[in-house]
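# quick one: sequence plus predicted model below, questions after.
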Amino acid sequence: MKGDIVRDLLKCGVVAVIRANSVEEAKKLADCCVKGGIVGLEITFTVPGADEVIAQLAADNDAKYIVGAGTVLDATTARLAIMKGAKFIVAPNFDQEVAELCNLYQIPYMPGCYTITEITRAMKAGADVIKIFPGSQASPSYFKAVHGPLPQANLMPTGGVDIGNVKDWIQAGAVAVGTGSSLTAPAKKGDYEGVVKNARAFVEAVAEAKKGL
């Protein structure tokens with residue numbers, strides 16, 4: 001189960017980071033991302049009523065997406081998300097208690113790390129994918145440097161990833177990318193179809209980049 005979730009998330013290679021001002025807006029953005037072909041939906045706990053968004057999305061047993069929770073800073077929030085149906089947990093930081101809870105429930109954990117020390121600590125705790133955050137402060141060349149001593153590390157940049165550089169990240173060894181504002185920006189002007197187009201462009205760009213590996 002856990003391995004299947006990670007496999008399906010990485011096969012698509014794009015995790016949509018969904019931040020919104022309401023349950024309705026978050027669900028609308030999620031729908032646009034799915035229409036564009038994105039499999040991983042990270043509903044951040046900065047969204048008012050995030051647990052309800054997760055519950056409503058998780059209720060669809062025939063869904064072609066995987067709903068997860070983001071900005072999970074502690075074990076209490078992680079357990080709430082899991083009980084509501086989250087299939088993966090993402091955070092901007094690494095937390096030992098969250099790692100242990102996710103291991104207990106066999107839910108993939110993607111903590112935010114930046115240094116080699118943070119990355120190895122998270123990997124020892126069983127983290128399945130390491131979210132390099134903020135990605136805007138790193139670079140594709142940084143991934144190559146990390147993979148020198150840690151070729152087994154599953155790294156996913158989040159923050160600073162856009163259509164223009166997604167190919168560089170994948171070809172530098174990223175197993176997936178997390179994208180938020182550059183994906184959902186059109187929605188701020190009411191252009192939800194633009195979000196669908198962006199989602200499709202991200203998925204296609206990742207697929208194309210993987211062909212060259």
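Yep, that arrived.
# ok, which stretches of the chain are helices?
Taking DSSP state H to define them, one finds helices in the chain at 2-12, 23-35, 50-58, 75-84, 96-105, 116-124, 140-146, 166-171, 181-184, 192-211.
# quick one: distance of the last one to the chain centre.
This points to helix 192-211. Here helix 192-211 is found 15 Å from its chain centre; the criterion is Cα atoms, centre = their mean, to the nearest Å.
# what's next to that helix, contact-wise?
Residues from elsewhere that reach helix 192-211 (Cβ atoms under 8 Å, 6 or more residues apart in numbering): 12-14, 16, 28-29, 32-38, 163, 166-167, 170-171, 176-177, 179, 182-187. For glycine as for every other residue, the C-beta is placed from the backbone atoms N, C-alpha and C.
# go on, the third one?
Among residues not part of helix 50-58, those counted as contacts by Cβ under 8 Å, 6+ apart are 23, 26-27, 30, 41, 43-45, 47, 63, 65, 67, 69, 80-81, 84-87.
# one more: the fourth one?
When contacts are defined by Cβ under 8 Å, 6+ apart, helix 75-84 is touched by residues 45, 50-52, 54-55, 58, 68-69, 72, 89, 95, 97-98, 100-102, 105, 107.
# and that helix, which residues are buried?
For helix 75-84, the neighbour count (16 or more other Cβ atoms under 10 Å) marks A75, T77, A78, R79, L80, A81, I82, K84 as buried.
# can you add distance to N198 and pLDDT and give the residues you listed back as a markdown table?
Converted to a markdown table, the buried residues of helix 75-84 look like this (distance: Cβ to Cβ, whole Å; pLDDT from 0 to 100):
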| residue | distance to N198 | pLDDT |
| --- | --- | --- |
| A75 | 34 | 98 |
| T77 | 28 | 98 |
| A78 | 29 | 98 |
| R79 | 33 | 98 |
| L80 | 30 | 98 |
| A81 | 26 | 98 |
| I82 | 29 | 98 |
| K84 | 27 | 98 |
